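A structural model of the following input is requested.
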Amino acid sequence: MLTALSTVAFCRADRALRSVVFALLGLMLLGSAHAQSNTVASPNASFSRPEVAALGGVVPTAPVRLRVWGFEVYDARLWTPRGFRHSQAMQHPFALELQYLRKLEGSAIASRSIEEMRRLGSFSEAQAQSWLTALRELFPNVGQGERITGINVPGVGAEFWVNGQRAGVVKDETFARLFFGIWLDERTSEPKMRAQLLQGLQP
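Below you'll find the model as predicted:
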(Lines give C-alpha, C1' and ligand atoms only; values in the text may rest on other atoms or scores of the structure.)
Protein backbone atom coordinates (compact mmCIF):
# COMPACT_ATOMS: atom_id res chain seq x y z
CA MET A 1 0.00 0.00 0.00
CA LEU A 2 2.79 2.39 0.91
CA THR A 3 4.52 1.66 -2.39
CA ALA A 4 1.31 2.30 -4.35
CA LEU A 5 0.67 5.57 -2.52
CA SER A 6 4.27 6.66 -3.10
CA THR A 7 3.91 5.91 -6.80
CA VAL A 8 0.70 7.96 -7.05
CA ALA A 9 2.29 10.86 -5.19
CA PHE A 10 5.34 10.72 -7.44
CA CYS A 11 3.18 10.77 -10.60
CA ARG A 12 1.20 13.75 -9.33
CA ALA A 13 4.38 15.62 -8.44
CA ASP A 14 5.84 14.78 -11.83
CA ARG A 15 2.75 16.12 -13.64
CA ALA A 16 2.82 19.29 -11.54
CA LEU A 17 6.51 19.82 -12.29
CA ARG A 18 5.93 19.39 -16.03
CA SER A 19 3.07 21.91 -15.92
CA VAL A 20 5.32 24.48 -14.26
CA VAL A 21 8.10 23.86 -16.78
CA PHE A 22 5.77 24.27 -19.77
CA ALA A 23 4.31 27.47 -18.28
CA LEU A 24 7.77 28.92 -17.79
CA LEU A 25 8.76 28.01 -21.35
CA GLY A 26 5.68 29.79 -22.65
CA LEU A 27 6.67 32.96 -20.80
CA MET A 28 10.21 32.71 -22.09
CA LEU A 29 8.99 32.72 -25.68
CA LEU A 30 7.44 36.14 -25.11
CA GLY A 31 10.64 37.61 -23.72
CA SER A 32 13.80 38.60 -25.50
CA ALA A 33 16.33 37.70 -22.82
CA HIS A 34 19.06 35.37 -24.01
CA ALA A 35 17.58 35.40 -27.52
CA GLN A 36 19.72 34.28 -30.43
CA SER A 37 19.41 35.12 -34.10
CA ASN A 38 21.01 33.46 -37.06
CA THR A 39 20.92 34.03 -40.78
CA VAL A 40 19.34 31.04 -42.48
CA ALA A 41 19.61 29.90 -46.05
CA SER A 42 18.03 32.42 -48.43
CA PRO A 43 15.30 30.96 -50.66
CA ASN A 44 14.84 31.83 -54.31
CA ALA A 45 14.07 35.55 -54.40
CA SER A 46 11.40 35.03 -57.06
CA PHE A 47 8.79 33.56 -54.68
CA SER A 48 5.48 35.44 -54.68
CA ARG A 49 4.50 37.91 -51.97
CA PRO A 50 1.27 39.82 -52.83
CA GLU A 51 1.89 42.19 -49.93
CA VAL A 52 5.07 43.59 -51.50
CA ALA A 53 3.93 43.63 -55.12
CA ALA A 54 2.66 47.20 -54.88
CA LEU A 55 6.04 48.42 -53.64
CA GLY A 56 7.57 47.65 -57.04
CA GLY A 57 11.11 46.41 -57.48
CA VAL A 58 11.81 45.50 -53.87
CA VAL A 59 14.11 42.59 -53.13
CA PRO A 60 14.31 40.43 -49.98
CA THR A 61 17.24 40.18 -47.62
CA ALA A 62 18.34 36.77 -46.39
CA PRO A 63 15.98 35.65 -43.60
CA VAL A 64 17.27 35.85 -40.04
CA ARG A 65 15.96 33.38 -37.47
CA LEU A 66 15.06 34.40 -33.94
CA ARG A 67 15.56 31.78 -31.26
CA VAL A 68 14.59 32.23 -27.62
CA TRP A 69 16.14 29.80 -25.16
CA GLY A 70 16.71 27.40 -28.05
CA PHE A 71 13.14 27.63 -29.33
CA GLU A 72 12.73 28.84 -32.91
CA VAL A 73 10.22 31.71 -33.00
CA TYR A 74 10.26 33.29 -36.47
CA ASP A 75 12.29 34.13 -39.57
CA ALA A 76 12.53 37.86 -40.31
CA ARG A 77 13.42 39.48 -43.61
CA LEU A 78 13.31 42.95 -45.12
CA TRP A 79 12.03 43.80 -48.59
CA THR A 80 13.75 46.97 -49.72
CA PRO A 81 13.74 49.12 -52.87
CA ARG A 82 16.78 50.17 -54.86
CA GLY A 83 18.64 52.98 -53.12
CA PHE A 84 17.37 52.02 -49.66
CA ARG A 85 19.52 53.46 -46.86
CA HIS A 86 18.85 52.07 -43.43
CA SER A 87 19.86 55.31 -41.69
CA GLN A 88 16.95 56.93 -43.55
CA ALA A 89 14.68 53.89 -43.48
CA MET A 90 11.47 55.73 -42.60
CA GLN A 91 11.78 57.84 -45.74
CA HIS A 92 11.53 54.69 -47.87
CA PRO A 93 8.64 52.34 -48.53
CA PHE A 94 9.79 48.91 -47.35
CA ALA A 95 8.37 45.74 -45.86
CA LEU A 96 9.34 43.74 -42.78
CA GLU A 97 8.14 40.14 -42.93
CA LEU A 98 7.94 37.76 -39.97
CA GLN A 99 7.28 34.12 -40.81
CA TYR A 100 6.43 32.23 -37.66
CA LEU A 101 7.84 28.84 -36.73
CA ARG A 102 5.51 28.05 -33.83
CA LYS A 103 2.08 28.93 -32.45
CA LEU A 104 1.73 32.32 -30.78
CA GLU A 105 -1.30 34.32 -29.71
CA GLY A 106 -1.96 37.54 -31.58
CA SER A 107 -2.70 39.40 -28.35
CA ALA A 108 0.70 38.36 -26.96
CA ILE A 109 2.46 39.56 -30.14
CA ALA A 110 0.65 42.90 -29.84
CA SER A 111 1.52 43.36 -26.16
CA ARG A 112 5.15 42.44 -26.72
CA SER A 113 5.36 44.93 -29.60
CA ILE A 114 4.22 47.78 -27.34
CA GLU A 115 6.73 46.74 -24.66
CA GLU A 116 9.58 46.78 -27.18
CA MET A 117 8.44 50.16 -28.57
CA ARG A 118 8.73 51.65 -25.07
CA ARG A 119 12.46 50.94 -25.19
CA LEU A 120 12.84 53.25 -28.17
CA GLY A 121 10.85 56.34 -27.29
CA SER A 122 8.33 57.87 -24.94
CA PHE A 123 4.62 58.00 -25.66
CA SER A 124 1.51 58.56 -23.62
CA GLU A 125 -0.59 55.86 -22.03
CA ALA A 126 -3.44 56.93 -24.30
CA GLN A 127 -1.25 56.31 -27.34
CA ALA A 128 -0.15 52.96 -25.94
CA GLN A 129 -3.74 51.82 -25.41
CA SER A 130 -4.81 53.04 -28.85
CA TRP A 131 -1.92 51.24 -30.56
CA LEU A 132 -2.43 48.09 -28.50
CA THR A 133 -6.11 47.97 -29.44
CA ALA A 134 -5.24 48.41 -33.11
CA LEU A 135 -2.58 45.67 -33.05
CA ARG A 136 -4.86 43.23 -31.27
CA GLU A 137 -7.40 43.73 -34.05
CA LEU A 138 -4.76 43.34 -36.77
CA PHE A 139 -2.72 40.43 -35.42
CA PRO A 140 -4.40 37.00 -35.37
CA ASN A 141 -3.14 33.92 -33.60
CA VAL A 142 -0.41 32.46 -35.79
CA GLY A 143 0.96 29.00 -36.42
CA GLN A 144 3.96 27.47 -38.13
CA GLY A 145 4.52 28.87 -41.62
CA GLU A 146 2.14 31.81 -41.22
CA ARG A 147 3.42 35.33 -41.71
CA ILE A 148 2.70 38.89 -40.65
CA THR A 149 4.17 41.64 -42.80
CA GLY A 150 4.40 45.31 -41.90
CA ILE A 151 4.85 47.86 -44.68
CA ASN A 152 6.21 51.32 -44.00
CA VAL A 153 4.17 53.95 -45.85
CA PRO A 154 6.11 57.24 -45.59
CA GLY A 155 3.91 60.11 -44.51
CA VAL A 156 1.10 57.77 -43.45
CA GLY A 157 2.10 55.02 -41.02
CA ALA A 158 2.28 51.22 -41.12
CA GLU A 159 0.17 48.84 -43.17
CA PHE A 160 -0.17 45.20 -42.10
CA TRP A 161 -0.77 42.04 -44.10
CA VAL A 162 -1.41 38.53 -42.81
CA ASN A 163 -0.57 35.59 -45.08
CA GLY A 164 -0.81 37.78 -48.17
CA GLN A 165 -4.12 39.38 -47.19
CA ARG A 166 -4.34 43.04 -46.21
CA ALA A 167 -5.35 43.34 -42.53
CA GLY A 168 -5.38 47.12 -42.10
CA VAL A 169 -3.30 50.19 -41.39
CA VAL A 170 -2.22 52.25 -38.38
CA LYS A 171 -2.17 55.84 -39.64
CA ASP A 172 0.48 57.23 -37.32
CA GLU A 173 4.07 57.99 -38.36
CA THR A 174 5.28 57.92 -34.76
CA PHE A 175 3.83 54.44 -34.35
CA ALA A 176 5.50 53.29 -37.58
CA ARG A 177 8.90 54.65 -36.54
CA LEU A 178 8.77 52.92 -33.16
CA PHE A 179 7.28 49.68 -34.46
CA PHE A 180 9.86 49.15 -37.20
CA GLY A 181 12.50 50.38 -34.76
CA ILE A 182 11.98 47.15 -32.79
CA TRP A 183 14.17 45.57 -35.49
CA LEU A 184 15.94 48.53 -37.13
CA ASP A 185 16.74 51.03 -34.38
CA GLU A 186 20.25 51.02 -32.91
CA ARG A 187 18.64 50.66 -29.46
CA THR A 188 16.89 47.42 -30.37
CA SER A 189 16.92 44.60 -27.82
CA GLU A 190 18.23 42.36 -30.62
CA PRO A 191 21.36 44.09 -32.00
CA LYS A 192 22.67 40.89 -33.58
CA MET A 193 19.46 40.37 -35.52
CA ARG A 194 19.51 44.02 -36.61
CA ALA A 195 23.07 43.67 -37.91
CA GLN A 196 22.15 40.55 -39.86
CA LEU A 197 18.99 42.09 -41.33
CA LEU A 198 20.90 45.17 -42.50
CA GLN A 199 23.91 43.26 -43.80
CA GLY A 200 24.67 44.33 -47.36
CA LEU A 201 22.33 47.35 -47.26
CA GLN A 202 23.61 50.91 -47.55
CA PRO A 203 24.04 52.73 -44.20
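
least trustworthy helix or strand in the chain by mean pLDDT?
helix 2-29 (a mean of 37; mean pLDDT, DSSP states H and E).

in stretch 160-171, what's buried?
For stretch 160-171, a neighbour-count test (16 or more other CB atoms under 10 Å) marks 160-162, 167, 169-170 as buried. Just so you know, the C-beta spots here come from the backbone N, C-alpha and C atoms, and that holds for glycine as well.

between those, which is closest to G83?
Of all the buried residues of stretch 160-171, W161 has the smallest distance to G83: 23.4 Å, by CB to CB.

tell me how far the host helix or strand of that closest one lies from the chain's centre.
Per DSSP states H and E: W161 is located in strand 157-162. Centre-to-centre, strand 157-162 and its host chain are 13 Å apart (CA atoms, centre = their mean, to the nearest Å).

which secondary structure elements does that strand contact?
If you count contacts as 3 or more CB pairs under 8 Å, 6 or more residues apart in numbering; DSSP states H and E, strand 157-162 packs onto strand 147-153, strand 165-170, helix 173-184.

reformat the ones you listed as a markdown table; add distance to R65.
Output for the helices and strands packed on strand 157-162, formatted as a markdown table (distance: least, CB to CB, whole Å):
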| stretch | distance to R65 |
| --- | --- |
| strand 147-153 | 14 |
| strand 165-170 | 24 |
| helix 173-184 | 13 |
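
tell me the contacts of F139?
Residues counted as contacts of F139 (CB atoms under 8 Å, 6 or more residues apart in numbering) are 106-107, 109-110, 148, 160, 162, 167.

so what pLDDT did it get?
Per-residue pLDDT puts F139 at 98.

identify the residue spatially nearest to it, adjacent ones excluded.
Once flanking residues are discounted, F139 sits nearest to G106: 3.8 Å by CB to CB, 6 or more residues apart in numbering.
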